[in-house]
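[1] next comes the sequence, and after it the predicted model I'd like to discuss.
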Amino acid sequence: MSDEETEELLEEIQENQVLTFGEEEKINTTSYLVFKAGDKNYAVNSTEVREILRNNEVYPMPFVPPYIKGVLNSYGVPYAVVDFSYFNADMPQESRLFMLLKNPNNISIQVSEIQEFHNESEVTVKSLTNAEDSPFFTGAISFDDVTAPVLNINGILERIRSDLANS
């Protein structure tokens, strides 16, 4: 994905977080950013994404779980890099594309590819019947022939905290 395409995608995310009808009426809508981690599709609520970076240097850290690749620097702020493919029991990635999440823990998700952006009206949203079955996902979205689990950022953070406490 070129720098220009990345910039266009980020602008589209910001524009579509709130749709405006008329001058005073605002309607909030959920929008999703669809990405690949390894060879699998995933989605994240776009309000959870602060920024998308590419080609940043990742500095390794000792004594962390293997899915934490290290830290990257974004405007002087360190972000822990989580290889979501490896986190989700798949193969580690070598990608240099990162989604910085909006959370006080400064977590970034290493992804293989940013794919698409969808508003809630463009997808079928499926909820999980039992959140204990998969604490890392809130449900899934479907569009065209694609189904993408939606990340549960809080569940992912809980697992990271637990793994760090035990390492």
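    Arrived safely.

[2] mind checking which helix or strand M99 is in?
    strand 97-101 (DSSP states H and E).

[3] then L157?
    Counting by DSSP H and E, L157 is found in helix 153-166.

[4] how about the CA coordinates for the strand or helix carrying F117, as PDB?
    Using DSSP H and E, F117 falls within strand 113-119. What follows is strand 113-119 as a C-alpha-only set of coordinates in PDB (Å, rounded to 0.1, in the frame of the first residue of the first chain):
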ATOM      1  CA  GLU A 113      -2.200  -5.700   5.000                       C
ATOM      2  CA  ILE A 114      -4.800  -3.000   5.500                       C
ATOM      3  CA  GLN A 115      -7.600  -4.100   3.300                       C
ATOM      4  CA  GLU A 116     -10.900  -2.200   3.500                       C
ATOM      5  CA  PHE A 117     -13.000   0.200   5.400                       C
ATOM      6  CA  HIS A 118     -16.800  -0.500   5.900                       C
ATOM      7  CA  ASN A 119     -19.700   1.200   7.600                       C
END
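
[5] now it: buried residues?
    Buried residues in strand 113-119, counting neighbours by 16 or more other C-beta atoms under 10 Å, are found at I114, Q115, E116, F117, H118. Quick note: C-beta positions are derived from backbone N, CA and C, even for glycine.

[6] so where do the helices sit in the chain?
    3-16, 84-87, 153-166 (DSSP state H).

[7] that's all I had, so thanks and see you.
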